[in-house]
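1. Got a sequence here, can you build the structure:
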Amino acid sequence: MIYSTTINLIMPSPEQLKEWLFFLGFAPDKVAPLIVGGIILFIAVKKIIDPIKDRVFGLEQCMIEIQSVMKTKYKSMDLRYAVAAYGKTKSPVVLKEEFRPFIIDVGLDKEIQAKETELLDWLKAQNLKTGIDAQDKILNLITSGQIEKYLDLTKYKQNLYLKGKTSDDEWGVLWIYLSEILIPKLTFDIKK
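-> Next up is the predicted model:
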């Protein structure tokens, strides 16, 4: 007896459900217009929302693609540009003499020398396999802004600004200089 009462409370019979709905005021003559109106409203809103939803989805996919391109292809174009513009191709790349004053005149070379151990420790922790890996990690450190945990770039940036340079110049000069200074002090265990 107790068992059947519990089941009736959990899963009421269709008759009990009908009685409860009538008790709560859900009579067919009152509910039918609401259901029909709700269905019509749902269809109308759906027709308006579906094209917008499709366009938003398309925009979202486009943004993801743009982010991917910016993170990969654009960065590799920057590398080629930076080496051609600011460096001499060697292993590692070496900063052209004409750009050294941007580092030296503001004392950034001395600051880098003072933080060299920390920068090398950070690089070693990046699980580098080759010098190219080191160059990529140094560039990521600079372009992400994380380099400012190690170096105060305020004077360096202001000097570049006063000389009519941009953030591309800031990244390119610093990237090549740090590559030149740090990478020769790393060892790579290349198994043949």
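
2. where does this protein have low pLDDT?
-> Along the chain, the parts satisfying pLDDT under 70 run over 1-10, 68-80, 190-192.

3. ranges for the strands of it?
-> 87-88, 94-95 (DSSP state E).

4. Would you give the sheet partners of the first one, along with the direction of each?
-> Partners of strand 87-88 in the sheet, by DSSP bridges, are strand 94-95 (antiparallel).

5. that older thread, mind putting the strands of the chain in TSV, distance to residue 121 and mean neighbour count included?
-> Where C-beta positions appear, they are placed from N, C-alpha and C, glycine not excepted. Formatted as TSV, these follow (distance: least, CB to CB, whole Å; neighbours: other CB atoms under 10 Å):
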stretch	distance to residue 121	mean neighbour count
strand 87-88	25	17
strand 94-95	23	19
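
6. Let me have those strands in CSV, extended by distance to residue 34.
-> As requested, the strands of the chain are arranged in CSV below (distance: least, CB to CB, whole Å):
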stretch, distance to residue 34
strand 87-88, 73
strand 94-95, 75
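
7. Of all those strands, which one comes closest to residue 135?
-> Comparing those against residue 135 with CB to CB, the closest turns out to be strand 87-88 (10.5 Å).

8. Could you give the separation of the closest one from the chain centroid?
-> Offset of strand 87-88 from its chain centre (CA atoms, centre = their mean, to the nearest Å): 29 Å.

9. same thing with stretch 42-52?
-> For stretch 42-52, the distance to the chain centre is 33 Å (CA atoms, centre = their mean).

10. count of residues packed around residue 142?
-> Residues contacting residue 142 under the criterion other CB atoms under 10 Å number 20.

11. if I look at it, how far off is residue 156?
-> 11 Å (CB to CB, to the nearest Å).

12. Identify the contacts common to those two.
-> Listed as contacting both residue 142 and residue 156 by CB atoms under 8 Å, 6 or more residues apart in numbering are residue 174.

13. how about residue 164, phi and psi?
-> phi 80, psi 30 (degrees, to the nearest 10).

14. ok, it - contacts?
-> Residue 164 sits next to no residue when contact means CB under 8 Å, 6+ apart.
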